[in-house]
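1. Fold the stuff below for me.
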Amino acid sequence: MRISPTMSSPCWAGSSSSATPATKWSDTSTSATTPSMTSHATTMPPPRSLAAASTCPWLSCSGSRRRVRSNRAMPSIYIQTYGCQMNEADSERVLRGALALGYRAAEHPEDASVLVLNTCTVRDNAEARAYGRIGQWKALKAQDPAVRLVVMGCLAEQDRDVMPGKVPYVDAIFGTREIDAVVARLAQWRDNFVDGDDGGEDRLAALEGYGTVRHDDAHADPRWNKLRAFVTVQQGCSYYCTFCIVPMVRGRFEDRTVEAVMADLRERLDRGAREVMLVGQTVNHYHCPQTGARFADLLELVAAEERVERLTFISPHPNDFDEHTFQVMGQIGKLNQRLHLPLQSASNAVLKRMNRKYTIERYREQVALFRKYCRGWALTTDLIVGFPGESEEMFEETLAFVNEGTFQNGYTFIYSPRRGTQAAQWSDQFVDPAVAGVRLRRLAEAQDRLTRAYHRSLVGTTQRALIVGPSKKDPERYATKIGQNVTVIVPKQSLDNPWLDVRIDKAYTWGTLGTVLGTAAHAAAPARAVAHLLPPLEGGGVPDEGPVVFDTVPREAAAQPR
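-> Coordinates of the predicted model:
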């Protein structure tokens with residue numbers, strides 16, 4: 001069992017008022033989704049604090065380093081990201097803008113001219129960690145007053161009025177829809193970091209690489225991480241779950257045009273991306289404001305891009321799936337064979353108080369449709385225990401639903417009240433923390449058992465896997481991800497192809513160990529004609545249909561050497 005203090009997952013934290021952005025979200029932006037609460041992660045990785053570019057290595061910033069003196073250094077930037085994929089995508093966009101301005105990306109905060117912290121406010125723990133990191137960076141600014149500190153993201157949006165008083169040494173604070181303003185401020189600061197001819201000032205050396213901290217199962221380097229790209233299709237949410245902060249800090253539903261999404265996608269493909277994640281707070285609610293295209297149409301269009309070799313998305317809402325979307329998902333061979341479908345609770349009484357707008361019966365219907373069209377896929381979820389008013393009987397309903405074996409993996413969380421949300425006002429109905437802790441352990445243990453069983457079912461099979469990067473615990477091994485989003489740790493190989501055929505040998509709760517059998521074939525999948533959704537693709541038309549690479553081979557065949 002693994003309990004992660006910084007877990008971030010799909011769809012949440014509480015708010016009942018919509019954000020009023022100071023700057024309208026640009027249709028060229030890239031953002032991502034999903035907050036969290038007090039969490040236990042079964043085998044899904046904890047939320048990553050990541051540096052904002054698809055080309056950066058994930059590096060820890062712990063420990064002290066000697067500052068580097070340079071007579072004339074290019075300005076450098078270090079970005080640390082807490083929270084969800086939406087934050088990761090926002091950070092990536094800032095870094096891309098910084099690089100275009102001539103900044104270099106620093107591997108460590110001690111080496112940066114500008115320090116950017118992209119924050120999360122889904123839980124008290126996330127806020128405390130953010131303010132703690134800002135406090136640590138204060139020392140760097142004390143050493144060199146020329147260093148600039150920037151805070152952005154959800155906590156910055158929420159605490160916009162009080163943050164200047166709490167951390168007066170921060171140079172700039174930007175909300176969730178002010179990404180362009182961050183880049184504009186970097187442009188204003190750029191020339192201030194270049195030394196004069198006398199070379200007498202203490203400046204920071206620009207280092208190659210892209211720095212950050214990522215709490216994940218792998219430390220990726222530029223060779224592998226550039227293969228993965230976040231493409232924002234939608235942000236904000238108008239569901240107003242009573243526990244969720246998203247509408248307050250991210251605003252209501254806002255969709256990008258298909259044309260903007262595809263332009264962003266092709267830019268990322270030009271830079272070497274092969275795996276694409278479509279991100280949004282409620283991604284399957286997507287509705288193109290120009291063409292009327294829905295989420296299923298967008299999936300088909302993105303999959304039709306020949307250079308996209310694996311496609312995934314996060315995070316959906318159960319209400320926004322229909323039979324047609326599930327049918328399309330099952331027909332796209334490039335899609336990751338894993339659906340993350342947040343449940344939160346299996347008690348109708350709790351779901352109603354959460355304002356989830358579905359019942360457990362409706363959720364079962366959606367799962368049945370998913371299983372009908374997406375055979376062999378993994379289903380994962382989010383679950384909250386200790387929600388205000390949750391009785392032992394209500395919790396037992398959720399535990400019983402999990403014990404049915406519905407989910408192959410899951411995030412489990414203790415409810416964390418978020419100020420400004422409706423549920424936070426129900427303090428007289430808060431569940432005793434000790435009771436909530438017991439419920440969390442029971443639920444986590446139940447899901448862990450099922451997750452281990454699922455991973456054991458993969459032992460002996462051959463899977464097509466993408467290298468994520470060196471394993472965090474053993475840099476002499478690679479961490480890879482298969483189509484069901486399961487981690488497979490394999491020995492390092494000298495390979496030019498990041499796609500591997502791996503045989504799964506051992507199973508654990510966190511993932512699996514495997515053996516590399518060789519490089520995998522290029523992924524090709526049938527693509528429907530969806531050109532009516534967008535002006536003709538560059539190069540003309542939709543790629544020809546190709547063979548579907550099936551991820552799993554029979555156990556007997558997998559045992560044969562290649």
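2. Break this structure into its domains for me.
-> 43-193, 462-558 (automatic domain parsing).
3. Mind putting those into TSV with mean pLDDT, distance to residue 435 and mean neighbour count?
-> From N, CA and C alone the C-beta is placed, and that goes for glycine too. As requested, the domains of the chain are arranged in TSV below (pLDDT from 0 to 100; distance: least, C-beta to C-beta, whole Å; neighbours: other C-beta atoms under 10 Å):
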stretch	mean pLDDT	distance to residue 435	mean neighbour count
domain 43-193	79	19	21
domain 462-558	70	25	18
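4. could you dump those to a markdown table with distance to residue 301?
-> A markdown table is the format used below for the domains of the chain (distance: least, C-beta to C-beta, whole Å):
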| stretch | distance to residue 301 |
| --- | --- |
| domain 43-193 | 19 |
| domain 462-558 | 5 |
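5. Figure out which of those is closest to residue 327.
-> For residue 327, the closest of the domains of the chain is domain 462-558, at 11.5 Å, according to C-beta to C-beta.
6. Which of the helices or strands spans the spatially closest residue to residue 230 that is not a sequence neighbour?
-> Nearest non-adjacent residue to residue 230, counting by C-beta to C-beta, 6 or more residues apart in numbering: residue 89, 3.9 Å away. Mapping residue 89 onto the secondary structure by DSSP states H and E places it in helix 85-100.
7. How is residue 521 classified with respect to secondary structure?
-> Following DSSP: H, G, I helix; E, B strand; the rest coil, we place residue 521 in the coil state.
8. Tell me how far it lies from residue 309.
-> 10 Å (C-beta to C-beta, to the nearest Å).
9. Distance of the one residue sitting closest to the centre of the chain relative to residue 418?
-> Note on the chain: the residue nearest the mean C-alpha position is residue 85, at 2.6 Å, using C-alpha atoms, centre = their mean. Remark: distance between residue 85 and residue 418 (C-beta to C-beta) = 19 Å.
10. now residue 174
-> Distance of residue 174 to residue 418, computed by C-beta to C-beta: 21 Å.
11. what does residue 478 give?
-> Residue 478 sits at a distance of 38 Å from residue 418 (criterion: C-beta to C-beta).
12. Also residue 125?
-> Distance from residue 125 to residue 418, by C-beta to C-beta: 12 Å.
13. so where do the strands sit in the stretch 401-550 of the chain?
-> 409-414, 462-470, 477-482, 487-491, 499-507, 512-519 (DSSP state E, counting those that start in this stretch).
14. Residue 100: which of those strands is closest?
-> Between the strands of the stretch 401-550 of the chain, strand 462-470 lies closest to residue 100; by C-beta to C-beta that is 25.0 Å.
15. Only C-alpha atoms, please: export that closest one in PDB.
-> Extracted C-alpha coordinates of strand 462-470, given in PDB (Å, rounded to 0.1, in the frame of the first residue of the first chain):
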ATOM      1  CA  THR A 462       3.700  -9.500 -24.000                       C
ATOM      2  CA  GLN A 463       2.800  -5.900 -24.000                       C
ATOM      3  CA  ARG A 464       3.800  -2.900 -26.100                       C
ATOM      4  CA  ALA A 465       5.400  -0.300 -23.800                       C
ATOM      5  CA  LEU A 466       6.700   3.200 -24.100                       C
ATOM      6  CA  ILE A 467       9.800   4.200 -22.200                       C
ATOM      7  CA  VAL A 468       9.000   6.900 -19.600                       C
ATOM      8  CA  GLY A 469      12.600   7.200 -18.400                       C
ATOM      9  CA  PRO A 470      15.100   5.800 -15.900                       C
END
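16. If you compare the directions of it and strand 499-507, what angle comes out?
-> Note on geometry: by axes from the mean of the first three to the mean of the last three C-alpha atoms, to 10 degrees, strand 462-470 and strand 499-507 are set 100 degrees apart in direction.
17. what residue ranges in the stretch 251-400 of the chain score low on pLDDT?
-> Within the stretch 251-400 of the chain, no stretch has pLDDT under 70.
18. Can you show me the helices along it?
-> Taking DSSP state H, counting those that start in this stretch, the helices of the stretch 251-400 of the chain run over residues 258-270, 295-303, 323-331, 348-354, 360-373, 392-403.
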